[in-house]
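S.K.: Model the following, please.
(one chain, ligands or ions: 3)
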Amino acid sequence: MTTHKLLLLPGDGIGVETMEEVKAIVSFMNEEGLASFETEEGLVGGSAYDAHGKAISEEHMKLATESDAVLFGAVGGPKWDGVPYEVRPEAGLLRLRKDLALFANLRPAICYPALAAASSLKHEVVEGLDILIVRELTGGVYFGEPKEITDLGNGQKRGVDTQVYETYEIERIGRVAFELARTRGNKVTSMEKRNVMKSGVLWNEVMTRVGREEYSDVKLDHMLADSGGMQLVRWPKQFDVIVTDNLFGDLLSDIAAMLTGSLGMLPSASLGAPDERSGKRKAMYEPVHGSAPDIAGQGIANPIAMIASLAMCLRYSFGMVELADRLEKAISDTLNDGLRTKDIMSEGAREVGTREMGAAILAKFRG
Ligand code: NAD
Ligand code: IPM
Ligand code: MN
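M.R.: Ligands and ions are numbered 1, 2, ... in the order given. As a prediction, the model looks like this:
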């Protein structure tokens, strides 16, 4: 059996609590001989800043580069509000994405049947929902230059962020979206703001060409991103795969999270391009949610987004499809049994904490 190197980066706040549940599942797979993982743990975010003044150290960046996959918890929190911008906790996450060239972020929003009542939307709007947001992750306004605050000398300052996209960046994220659509509902909706932004005009043009030349079998629609946000809450089941830029993808995926009942439910996979020789791709798996400072340390965070991120890791990095299916079914079965963390609690269900939810999922996974 091949041994895979996993780097665990719990980070801050609830990232630490939810990663504990993932560790238990990884240990179980090792002990049972279901898989062979060699795990290391590193620091990222505020905890890394506290330890060595940087949001991720060179040593831990090296570990990330050398690992077969990274599991990431969450970073940030009010404790680090005052730290310099360059070393704020979030900078560690952005560096990992950029340096590992993880340009494709897959954010599936699935409404588990048992949770249709937990959404703030009507049951019929979300029941059976299964959409995938493909977010571009290493370009756009997150990384465009210039990015600065300049002093204008007259008591005024100017803050600048720059939205930049080049053809190849749009082509490659488009291909990821089209390929995935072929495995699902065969439909891609591309979202930008071509009515205002030059990068949106280019995005639309490139997506249209790639669709026509390489994926004429896949249905392609275009939507302005603001209207897309509205459509996501009006009738989300009209979508199959949504492909969009870094910033719109960030906003739209938080909206999509609420369709599933809670931000604590949404996993994600951040993938690089396959290596030309080995075919292997760099990858990091990260819940969509953050460190949730408002509930951190209380043992009540929902570990499902983190555990479902492990399932995505098994599926996308290691081709362990059966184990991934089994883990996702364990999540679903646990919800069917009526167990709920506070964020997804509804009448008649049993409220549990992070540990108990993680243990129940592991018990189902164990079979
Ligand atoms: P957040 O996602 O941390 O929390 C938003 C709300 O959702 C909070 O009320 C929180 O309690 C709830 N929530 C989130 N995850 C939950 C879970 N697993 N279980 C139960 N409830 C959950 O977003 P925020 O409050 O805007 O940001 C807090 C910090 O996290 C900031 O520093 C932000 O930059 C950072 N952040 C980090 C990541 C990441 O590391 N990937 C993602 C988003 C935000
Ligand atoms: C996310 C987060 C990050 C982002 C932050 C923490 C840098 O909100 O993963 O959705 O904006 O990409
Ligand atoms: Mn976000």
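S.K.: Got the phi and psi for the closest residue to ligand 2 within the stretch 51-200 of the chain?
M.R.: In the stretch 51-200 of the chain, no residue comes nearer to ligand 2 than Glu90, which is 4.0 Å away by CB to the nearest ligand atom. No exception for glycine: its C-beta is placed from N, CA and C like everyone else's. When read as degrees, to the nearest 10, the backbone of Glu90 gives phi -60, psi -20.
S.K.: looking at it, it is touching Val75, isn't it?
M.R.: Yes: between Glu90 and Val75 there is a contact at 6.0 Å, judged by CB atoms under 8 Å.
S.K.: Please identify which of those two sits among more neighbours.
M.R.: Val75 (31 against 15; other CB atoms under 10 Å).
S.K.: Would you mind measuring from the more buried one to Ile304?
M.R.: Look at Val75 and Ile304: by CB to CB, to the nearest Å, they are 19 Å apart.
S.K.: and Asp81, how many neighbours?
M.R.: 8.
S.K.: wait, I meant Asp294
M.R.: Asp294: 9 neighbours (other CB under 10 Å).
S.K.: Same check on Lys23?
M.R.: Using other CB under 10 Å: Lys23 sits among 17 other residues.
S.K.: quick thing: my sequence starts at 5, can you match it?
M.R.: All set: I'll call the first residue 5, so the last point we hit is now Lys27.
S.K.: do you know how far it is from Met33?
M.R.: For Lys27 relative to Met33 (CB to CB), the value is 11 Å.
S.K.: what does Gly80 give?
M.R.: Between Gly80 and Met33 the distance, using CB to CB, works out to 30 Å.
S.K.: Comparing these two, which shows the higher neighbour count?
M.R.: Using other CB under 10 Å as the criterion, Gly80 and Met33 rank with Gly80 on top: 23 against 18.
S.K.: quick one: contacts for the more buried one?
M.R.: If a contact means CB atoms under 8 Å, 6 or more residues apart in numbering, then Gly80 has Asp16, Gly17, Gly49, Gly50, Arg92, Pro93, Glu94, Gly294, Ser295, Pro297 as its contacts.
S.K.: Please repeat the previous calculation with a cut-off of 7 Å.
M.R.: Contact partners of Gly80, counting by CB atoms under 7 Å, 6 or more residues apart in numbering, are Asp16, Gly49, Gly50, Pro93, Glu94, Gly294, Ser295.
S.K.: If we check ligand 1, which of those residues are in contact?
M.R.: Glu94, Gly294, Ser295 (CB under 6 Å from any ligand atom).
S.K.: ok, so of those residues, who is nearest Arg198?
M.R.: In terms of CB to CB, no member of those lies closer to Arg198 than Glu94, at 28.6 Å.
S.K.: Report the contact partners of that closest one.
M.R.: Contacts for Glu94 (CB under 7 Å, 6+ apart) come out as Val79, Gly80.
S.K.: Distance of it relative to Asp85?
M.R.: Look at Glu94 and Asp85: by CB to CB, they are 12 Å apart.
S.K.: quick one: contacts of stretch 220-239?
M.R.: Under the criterion CB under 7 Å, 6+ apart, residues 125, 129, 182, 185-186, 190-197, 199, 208, 211, 215, 242, 248, 252, 255-256, 259-260 lie in contact with stretch 220-239.
S.K.: So for that stretch, what gets flagged as buried?
M.R.: Buried residues in stretch 220-239, defined by neighbour count with 16 or more other CB atoms under 10 Å: Val222, Leu224, His226, Met227, Leu228, Ala229, Gly232, Gly233, Gln235, Leu236.
S.K.: Which SSE is immediately downstream of the strand or helix carrying the second one?
M.R.: Read that as Leu224. In this assignment (DSSP states H and E), Leu224 forms part of strand 223-228. Scanning forward in sequence from strand 223-228 by DSSP H and E, the next helix or strand is helix 229-238.
S.K.: ok, and for the helix or strand immediately after that following helix in the chain, which residues are buried?
M.R.: Next helix or strand after helix 229-238 toward the C-terminus (DSSP H and E): strand 245-248. Buried residues in strand 245-248, counting neighbours by 16+ other CB under 10 Å, are found at Val245, Ile246, Val247, Thr248.
S.K.: For Arg162, the count of nearby residues, please.
M.R.: 9.
S.K.: Let's verify it: helix, strand, or coil?
M.R.: Here Arg162 is strand, with the state taken from DSSP: H, G, I helix; E, B strand; the rest coil.
S.K.: do you know how far it is from Leu104?
M.R.: Here the criterion is CB to CB. By it, Arg162 lies 32 Å from Leu104.
S.K.: before we move on, what about Leu236?
M.R.: 29 Å.
S.K.: just to revisit the earlier point, in the contacts of Gly80, find the pair that's most separated.
M.R.: Spatially, the most separated pair among the contacts of Gly80 is Gly50 and Gly294, at 11.5 Å (CB to CB).
S.K.: end-to-end on stretch 222-233?
M.R.: In stretch 222-233, first residue to last residue: 22 Å (CA to CA, to the nearest Å).
S.K.: could I have the helix or strand hosting Met361 exported to CSV, CA atoms only?
M.R.: For Met361, the host element (DSSP H and E) is helix 358-370. Provided in CSV are the C-alpha atoms of helix 358-370 (Å, rounded to 0.1, in the frame of the first residue of the first chain):
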residue,chain,number,x,y,z
THR,A,358,-17.9,19.0,18.2
ARG,A,359,-16.5,15.9,19.9
GLU,A,360,-19.7,14.0,20.0
MET,A,361,-20.6,14.8,16.4
GLY,A,362,-17.1,13.7,15.3
ALA,A,363,-17.3,10.5,17.3
ALA,A,364,-20.7,9.6,15.9
ILE,A,365,-19.5,10.1,12.3
LEU,A,366,-16.4,8.0,13.0
ALA,A,367,-18.7,5.3,14.5
LYS,A,368,-20.8,5.2,11.3
PHE,A,369,-17.7,5.2,9.2
ARG,A,370,-16.4,2.3,11.2
